[in-house]
Structure formats: C-alpha cells, structure tokens
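Trainee: sequence unknown, structure follows:
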Ligand code: 13P
C-alpha cells in the first residue's frame, strides 16, 4: 500500500486561504509517491471538492455525524460528504474528544455511518502525557481500540485507517514535544497487532503529532508507520510540498 500523507487543516484557515492553498498544492505538487489527502473545514470543502476531481489529491473531512439524517442540529451527514466526493473522514480526533466531549460510543457510531457510506474512517487514538508517564499508554490505547471498534466489521483492510496521535506531541498543545520515530514505530506495531485482532484485517496506522519537514522522513522510514497525519506543517505550502516529495 502507498504511504499516506493526510493534511488536517483544523479550523486554521478562512475560505479564501483554503482555496488558495489548494490551488498552490495542485500547481506545486506535481507528483508524490504517497496518497495525499486534504481535510479542509466543511465550508471550504464544498468549494474545494470540484477542484480536486481527477487529481491525485483526495478529499477528506474532519468529522461526520452519528446518523445518516435526522434531527441533529448543526451536524454534517456522511451521506452529504460522500456526495461531495469525500473519501476519508477523521474521527475521534483528540481535539473533539477534549473540547466537545466526544466519547468512544459516539466515535463508534460515527465510524459505522461513515463505513455505510463507503467513506474511509481515520480513527484517531492517542494517550495523554500522564498515561505515558505512568507507563499506561499501551493499555489505554488497547482499551480505546476495543471501545471505538466494538462490533465494527470491515470487508477489506483498506476500509479503515488508524492514526496514532499522542496528545502530548500535538504541536498546539502546551509544551508539546515530538516523539522519537522509533518509539512511535514501537507503539504503532502494538496498535496494529491489537487492531488486527479486533478487525481480522491488517490495518494501516498513520502517525501524527509535530511532524515537520525535518522529521517526516524518519517517521516514514519506519516499518509500521504507514503515513502521516499533519496539522501545522500542512498549512505551509513549501513545508508540506517537501514532506510530500520524500
Ligand atoms: P500537528 O502536526 O500540528 O502537531 O497536529 C497534529 C494533528 O493533530 C493532526 O490531526
């Protein structure tokens, strides 16, 4: 499988800047051996969707709802995302778990709806610094995998992706610090093994957290790092292009 480079633009750009960044990417990134995915905010996504048709850049969303349709004020349906050409959706990002109190049951429901629409969920999991310092990272990740993936069935390995994002390594967190690529690989080997046991498929696992053009090659060189989920560094065209051309 091709390595994946997923850009999570979060809520960092206005619509004009999102369009401009997309156009620059289409002009400057002529080729990448990786599958590139960009995840703009919902409003920009509507305008970006036609620009990406028949290009090598795939469209992703940053979240989707727990149901296909219904009385869910303010929510966005995976059905509509699919109609806009969305192929991937980030689910369970730590910022949503933290600011919006999303729990595993909600994330599980969102995964089910996304899968039913043929959208590939990118399930984010990651431990807090206290869990890491207490030597509880693996047990936390294992139970989170079990909760988020409870009862989930997929037909093909590529129907679902996991992203390991240690919360303490995300650049916007206070005192964030990068993880060593070898340590990320060790934890991802563990995640892969556990996910395979639950889903009966060999699932791709991406790494996210303070990835930049200086360390991306180290992460991508690891055996069990199948790609990157990038926040801040994906907002700079020069930096993102250099990561995509590794
Ligand atoms: P940074 O790359 O800015 O650390 O963000 C990681 C992230 O949260 C991507 O989803």
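Mentor: Structure's in. What do you need? None of the values given here were measured: they were computed from a predicted structure. Residues are numbered from 1 along each chain as shown.
Trainee: Show me the residue of the protein that gets nearest to the ligand, please.
Mentor: residue 231 (2.4 Å; C-beta to the nearest ligand atom). Yep, even glycine has a C-beta here, placed from its N, CA and C like the rest.
Trainee: Show me the contact partners of stretch 218-228.
Mentor: 1, 3-6, 34-35, 161, 181-182, 184-185, 188-189, 192, 204-208, 211, 216, 243, 246 (C-beta atoms under 8 Å, 6 or more residues apart in numbering).
Trainee: now check the helix ranked longest in the chain, is it near the ligand?
Mentor: In the chain, with assignment by DSSP state H, the single longest helix is helix 181-199. No - using C-beta under 6 Å from any ligand atom, helix 181-199 stays clear of the ligand, with a minimum separation of 12.6 Å.
Trainee: name the helices or strands packed onto that helix?
Mentor: Here helix 181-199 touches helix 137-148, strand 161-164, strand 204-208, helix 216-220, going by 3 or more C-beta pairs under 8 Å, 6 or more residues apart in numbering; DSSP states H and E.
Trainee: Quick check: phi and psi on the residue nearest to residue 77 when sequence neighbours are not counted?
Mentor: In space, and not counting its chain neighbours, residue 77 is closest to residue 65: 5.4 Å by C-beta to C-beta, 6 or more residues apart in numbering. Main-chain dihedrals, residue 65, degrees, to the nearest 10: phi -80, psi 170.
Trainee: got a list of what residue 65 touches?
Mentor: 72, 75-78, 110, 113.
Trainee: One more pass at 10 Å, please.
Mentor: By C-beta atoms under 10 Å, 6 or more residues apart in numbering, the contact set of residue 65 is 72, 74-81, 106, 109-110, 113-114.
Trainee: Can you select the buried ones among the residues you listed for me in ChimeraX?
Mentor: Command for ChimeraX that selects the buried part of these, burial taken from 16 or more other C-beta atoms under 10 Å:
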select :76,77,78,79,80,81,106,110,113,114
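Trainee: list the buried ones in stretch 133-142?
Mentor: Neighbour-count burial for stretch 133-142 [16+ other C-beta under 10 Å]: 137-138, 140-142.
Trainee: Including pLDDT and distance to the ligand, could those residues go into a markdown table?
Mentor: As requested, these are exported to a markdown table (pLDDT from 0 to 100; distance: C-beta to the nearest ligand atom, whole Å):
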| residue | pLDDT | distance to the ligand |
| --- | --- | --- |
| 137 | 97 | 17 |
| 138 | 98 | 21 |
| 140 | 98 | 18 |
| 141 | 98 | 16 |
| 142 | 98 | 21 |
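Trainee: Dump the helices and strands packed on helix 181-199 to CSV, plus distance to residue 131.
Mentor: What follows is the helices and strands packed on helix 181-199, written out as CSV (distance: least, C-beta to C-beta, whole Å):
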stretch, distance to residue 131
helix 137-148, 5
strand 161-164, 13
strand 204-208, 17
helix 216-220, 21
